[in-house]
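[1] okay, predicted coordinates and the sequence, questions at the end:
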Amino acid sequence: MPAPTLALALLLCAAAAAAATTHPSCIIVRDALNAQDVKLEAHGENAVRVRAVPSGGTFLDAPDVVSAFTPLPIPGTGATIIAAPIECVTVALNSAASDMDEGRTVITSGNLKAAVGSDGKLTFTRISDSRNLLTEKTVRSITPTTTVPSLPGFSSLELSFKAVEGERIYGLGQHAAFPWDHNFPENGQLDQKGVPSMLLEPHDGDVTIPVVHSSLGYAFLSNLPSTGAVEYNSTGSYWSHTAVLQMDIWVATTSDSPPHTVSPWQQLQQAYADATGYAPVWPEWSTGFWQCKLRYSNQSQIMDVANEYIRRNIPLSLMIIDFFSWMDPATNTNTIGDETLPASCWPDPKGMVDQLKEMGVELMISPYSHSVGSNSHNYAQAAAKHYLATDATGKPAQTVGPGYTYDLFNPAARAYAWNAMQEGFVDQYGLHHWWLDCDEPCGGTNNGTYATDWLYNDGKWPAAFVGAAYPQMLDLAIWEGMGAPGKQYEHDNVMLGRAGWAGSQKYGGAVWSGDTESTWDDFNQQFKAGLNFVMSGIPYWTTDIGGFGNGNTTSPDFRELIVRWFQWGAFCPIFRLHGARQGPTWPVGKRAGILCSASPSNEVWMFGNESEAAIIKVMRIREQLRPYVMEQYRAASVNGTPIMRPLFYDFHTDAGSQGIDDQQMFGPDYLVAPVMVKGATSRSIYLPPLPKGTVWLNYFTGIATATFGGGKNITEATPLDTFPLYKRHTPFTYPK
């Protein structure tokens with residue numbers, strides 16, 4: 001073959017250079033047709049952020065708005081860096097061909113291409129297999145709106161994408177059949193496609209995390225803490241926000257095409273954690289059993305119960321003081337906001353904390369620290385410095401407690417609220433584990449659980465604009481005060497809320513599922529709700545084992561229910577018992593009188609001998625697994641991996657695992673199939689395929705089942721003290 005001429009060589013070099021040319025990493029599209037400016041920018045590997053504003057508007061970021069994003073990691077290092085602002089290329093829609101790809105403005109990030117079509121619609125495509133992931137149905141609508149109270153400059157947002165047949169949707173936080181989502185299926189639903197419209201506002205039992213993970217291989221985040229609604233159905237996906245300053249979405253895809261080398265779900269969870277932050281590793285003590293009820297009213301009750309657990313040799317890691325500990329019955333005074341325990345019921349809190357620690361038990365309190373009462377010595381300064389949210393009349397916004405709500409969107413108010421906690425519970429007692437109940441915050445005009453007409457950020461931000469992120473602001477206040485790098489409790493920063501928002505995990509925020517009922521329907525609902533919640537990027541989650549309300553400890557039905565709930569609860573990230581029970585108190589016949597009175601008991605020995613034995617059996621399993629649980633905590637912190645997850649997460653290529661909604665994995669090794677039907681003495685389960693030489697080992701019987709030829713459906717007996725629990729196991733074989 002003859003040597004190429006110089007001209008041909010130059011032509012080849014030019015062609016190679018053109019092939020290597022990539023689309024810019026940031027484009028601002030001036031869309032005169034739809035009177036909008038659209039900014040597309042690479043945001044992580046295989047991820048793009050898109051913002052849109054009315055023409056001539058300003059693209060905003062924190063601190064001018066609340067954002068879930070965090071500094072992105074440097075690939076391959078684990079370190080993060082705050083990058084210099086990216087220089088954007090500005091183009092007009094349908095401008096010069098050099099700015100276009102098939103008539104569209106385009107950017108790429110790794111394996112993801114984002115484009116604005118000639119009609120202004122957004123499309124997102126996975127490059128490696130040309131898979132269309134998302135296409136707008138109609139161009140988003142950004143329309144001036146009136147907030148309550150009325151503040152200028154806000155718009156409503158309507159955003160929709162075309163439906164794809166067969167697509168499954170997971171995440172969106174946690175939703176249940178409470179009054180505010182009354183159309184939600186009574187037994188819950190794992191695949192969120194087909195669920196009626198869900199509110200984008202926090203309520204007791206509903207947690208707003210506006211991120212979805214799709215079976216098509218993408219993650220989608222609406223980076224807007226505005227109230228509104230979301231629905232995925234057979235005609236499309238629909239996002240509605242009531243008060244915004246811009247559209248702000250983030251889309252990520254996988255680095256490869258099916259069949260994926262690494263689970264696509266894991267890739268997407270890690271991409272989301274890269275964008276919104278990783279959870280810290282919780283301390284070892286938190287992997288154990290947490291004991292609570294509504295409520296332990298005095299110091300002797302806490303110590304009596306803790307001592308009885310130790311005497312009976314039942315595992316115990318944490319005791320919890322529930323709400324209204326701020327009421328001083330001796331003087332009939334509400335001390336909420338003082339962040340102390342009244343001496344009439346709690347004569348020596350520091351001694352209590354120290355005694356429990358000597359027993360190997362920690363103490364947590366529910367102080368409602370988002371609130372300060374008018375009787376508190378912290379109230380006057382908070383009011384004078386405008387550290388309180390205001391209601392529609394301009395007065396300090398009242399929440400339950402009763403108290404007034406801190407404006408935690410104000411950094412100075414966050415520091416003030418934390419300082420009260422520091423000077424009270426932390427410095428005086430050494431008490432620094434927080435149950436952040438009612439952190440929506442509850443109160444206000446919307447069913448008494450969430451206020452839509454309050455103002456935050458010194459009156460500049462209506463609740464309709466930022467309210468969904470309030471619980472995250474409470475997490476942030478505590479993290480800034482005690483959990484941030486270099487702070488006193490950086491490695492022991494444990495807080496449990498009733499709500500959260502996108503990115504709460506980076507502050508150490510955990511969530512429990514709210515005030516459920518002690519019913520089999522609620523049990524089934526919670527199982528599916530929990531799997532969607534952990535698919536929303538926050539790894540630490542739990543329920544009230546047995547349900548919160550109306551469980552009678554003497555009822556045979558409840559005693560069966562609580563055993564079955566325990567058998568699942570031991571395989572949740574947080575292992576916690578709580579509830580407002582009906583039945584006797586413990587010790588039997590012992591009451592504290594009018595002051596600091598006792599409530600019905602909720603300890604494991606109060607559910608009858610048969611139930612107690614079955615419960616203790618699974619408690620000991622959890623105790624043995626605590627080193628394994630710590631491994632899962634670390635994996636969540638490093639890789640964003642959910643601690644519990646649906647079967648399809650680990651078995652993404654197995655068709656039989658895709659629709660399973662009543663089993664879960666607990667870490668990579670344990671398959672858990674709770675018994676969620678009253679009176680069931682057997683249940684069917686599905687065992688996914690494992691490589692040859694690895695088997696599913698029944699934890700209780702020791703029977704091994706090989707599935708290297710394909711997944712297997714089996715049925716097994718489920719007497720009260722057992723349930724389907726399997727471990728991946730590779731039998732030892734001697735070398736030949």
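    Now that the structure is in, tell me what you want to look at. Quantities reported herein were computed from a predicted structural model and do not represent experimental measurements.
[2] okay, now the unreliable bits of the stretch 101-250 of the chain?
    Low-confidence regions of the stretch 101-250 of the chain, defined by pLDDT under 70, span residues 101-104, 177, 179-180.
[3] could you pull out the strands in it for me?
    Counting by DSSP state E, counting those that start in this stretch, the stretch 101-250 of the chain has strands at residues 104-109, 112-116, 122-126, 131-135, 141-144, 155-162, 169-171, 198-199, 211-214, 218-222, 228-233, 236-244, 247-253.
[4] who does the shortest one touch, helix- and strand-wise?
    Applying 3 or more CB pairs under 8 Å, 6 or more residues apart in numbering; DSSP states H and E, we find strand 198-199 packed against strand 228-233. Any C-beta I mention is one placed from the backbone N, CA and C, and that applies to glycine too.
[5] what does the strand it packs on contact?
    Strand 228-233 is touched from outside by 157, 163, 169, 172, 192-201, 210, 212, 222, 237-242, with contacts defined as CB atoms under 8 Å, 6 or more residues apart in numbering.
[6] report the buried members of those residues.
    The neighbour-count test (16 or more other CB atoms under 10 Å) marks 157, 169, 172, 192-193, 195, 197-201, 210, 212, 222, 237-242 as buried among those.
[7] how about the helix or strand where A415 lies: buried residues?
    For A415, the host element (DSSP states H and E) is helix 411-421. Neighbour-count burial for helix 411-421, with 16+ other CB under 10 Å as criterion, is recorded at A413, R414, Y416, A417, W418, A420, M421.
[8] give me the pLDDT for the nearest residue to P688 once chain neighbours are set aside.
    Excluding the flanking residues, the one nearest P688 by CB to CB, 6 or more residues apart in numbering is F651, at 4.2 Å. pLDDT, F651: 98.
[9] now swap in I310 and tell me
    Note for I310: predicted pLDDT of 98.
[10] following element in sequence after the helix or strand that contains it, please.
    Using DSSP H and E, I310 sits within helix 299-311. Along the chain past helix 299-311, the next helix or strand (assigned with DSSP H and E) turns out to be strand 318-321.
[11] the following helix or strand past that following strand packs against which elements?
    Sequence-wise, the next helix or strand downstream of strand 318-321 (DSSP H and E) is strand 327-328. Of the remaining helices and strands, those touching strand 327-328 by 3+ CB pairs under 8 Å, 6+ apart are strand 333-334.
[12] show me what the next helix-or-strand element following the strand it packs on packs onto, helices and strands only.
    Proceeding C-terminally, strand 333-334 gives way to helix 349-358 as the next helix or strand, assigned by DSSP H and E. Where contact means 3+ CB pairs under 8 Å, 6+ apart, helix 349-358 is packed against helix 299-311, strand 362-365.
[13] need the helices for the protein, in chain order.
    Secondary structure of the chain, counting by DSSP state H: helices at 6-20, 264-276, 299-311, 349-358, 379-384, 411-421, 463-466, 470-478, 520-534, 556-569, 609-624, 626-639, 647-650.
[14] tell me which residues in the longest one are buried?
    When you say that, I think you mean helix 609-624. Going by neighbour count (16+ other CB under 10 Å), the buried part of helix 609-624 is S611, E612, A614, I615, I616, K617, V618, M619, I621, R622, E623.
[15] list of residues touching it?
    Where contact means CB under 8 Å, 6+ apart, the residues beyond helix 609-624 that reach it are 288-289, 314-315, 559-560, 562-563, 566-567, 570-571, 575, 604-605, 607, 629, 699, 720-721, 725.
[16] and these, which of them are buried?
    Among the contacts of helix 609-624, those classed as buried by neighbour count (16+ other CB under 10 Å) are 288-289, 314-315, 559-560, 562-563, 566-567, 570-571, 575, 604-605, 607, 629, 720-721, 725.
[17] quick one: low-confidence parts of the chain?
    In the predicted model, the chain carries pLDDT under 70 at residues 1-22, 73-85, 95-104, 177, 179-180, 445-448, 588-595.
[18] go ahead and flag the most central residue of it.
    Nearest to the geometric centre of the chain sits I538, at 3.7 Å (CA atoms, centre = their mean).
[19] list the contacts of that residue.
    Contact criterion CB under 8 Å, 6+ apart gives I209, A279, G500, S504, Q505, G509, A510, V511 as the residues in contact with I538.
[20] tabulate those in TSV, adding columns for neighbour count and distance to W434.
    Compiled in TSV, the contacts of I538 are given as follows (neighbours: other CB atoms under 10 Å; distance: CB to CB, whole Å):
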residue	neighbour count	distance to W434
I209	29	20
A279	23	16
G500	32	14
S504	32	13
Q505	28	16
G509	29	10
A510	25	10
V511	30	13
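[21] re earlier: go through the strands of the stretch 101-250 of the chain and name the closest to D661.
    With CB to CB, the closest approach to D661 among the strands of the stretch 101-250 of the chain belongs to strand 169-171: 10.5 Å.
[22] circling back to that earlier point, tell me which of the helices and strands packed on helix 349-358 is the most buried.
    When neighbours are counted by mean count of other CB atoms under 10 Å, the highest per-stretch mean among those falls to strand 362-365, a mean of 23.
[23] show me what it is packed against.
    In this structure, strand 362-365 makes packing contacts with strand 318-321, helix 349-358, strand 434-436, judged by 3+ CB pairs under 8 Å, 6+ apart.
[24] re earlier: quick one: the helix holding I310 to chain centroid distance?
    Relative to its parent chain, helix 299-311 has a centroid offset of 32 Å by CA atoms, centre = their mean, to the nearest Å.
[25] follow-up on the earlier one: looking at the helices and strands packed on helix 349-358, which is closest to Q658?
    Once the helices and strands packed on helix 349-358 are compared by CB to CB, strand 362-365 is nearest, at 38.4 Å.
[26] any idea how far that closest one is from the chain center?
    The answer for strand 362-365 is 22 Å, by CA atoms, centre = their mean.
[27] stretch 330-346 too?
    32 Å.
[28] start to end distance for it?
    The first residue of stretch 330-346 is 12 Å away from its last residue (CA to CA, to the nearest Å).
[29] same question, stretch 647-654
    Looking at stretch 647-654, the gap from its leading to its trailing residue is 9 Å under the measure CA to CA.
[30] what's the answer for stretch 407-416, then?
    10 Å.
[31] residues in contact with it?
    Outside of stretch 407-416, the residues that reach it under the criterion CB under 8 Å, 6+ apart are 66, 370, 378, 381-382, 385-389, 406, 417, 456-458, 461, 466, 469-470, 473-474, 476-477, 480-481.
[32] any of the residues you listed buried? List them.
    Counted by 16+ other CB under 10 Å, the contacts of stretch 407-416 give 66, 370, 378, 382, 387-389, 406, 417, 456-458, 461, 466, 469-470, 473-474, 476-477, 481 as buried.
[33] who's the closest spatial neighbour of P315, skipping the chain neighbours?
    Counting by CB to CB, 6+ apart, E623 is the residue found nearest to P315 once chain neighbours are left out, at 4.4 Å.
[34] from S317, how far out is that neighbour?
    With distances taken as CB to CB, to the nearest Å, E623 is found 9 Å from S317.
[35] what about the residue nearest to S374 when sequence neighbours are not counted, how many neighbours?
    Once flanking residues are discounted, S374 sits nearest to Y404: 7.1 Å by CB to CB, 6+ apart. Y404 has 28 neighbours, counted by other CB atoms under 10 Å.
[36] tell me, how many residues neighbour the nearest residue to D521 once chain neighbours are set aside?
    Taking CB to CB, 6+ apart as the measure, D521 lies nearest to E186, with 5.1 Å between them; neighbours along the chain are not counted. In terms of burial, E186 registers 12 neighbours under the definition other CB under 10 Å.
[37] so E186 sits against W520, correct?
    No: no contact is recorded between E186 and W520 when judged using CB atoms under 8 Å, the distance being 10.4 Å.
[38] ends of stretch 123-136, what's the gap?
    For stretch 123-136, by CA to CA, the gap between its terminal residues amounts to 6 Å.
[39] ok, and what's touching that stretch?
    Under the criterion CB under 8 Å, 6+ apart, external residues in contact with stretch 123-136 comprise 48, 104, 108, 111-115, 117, 121-122, 159-162, 214, 216-218, 220, 251, 253-254, 256-258.
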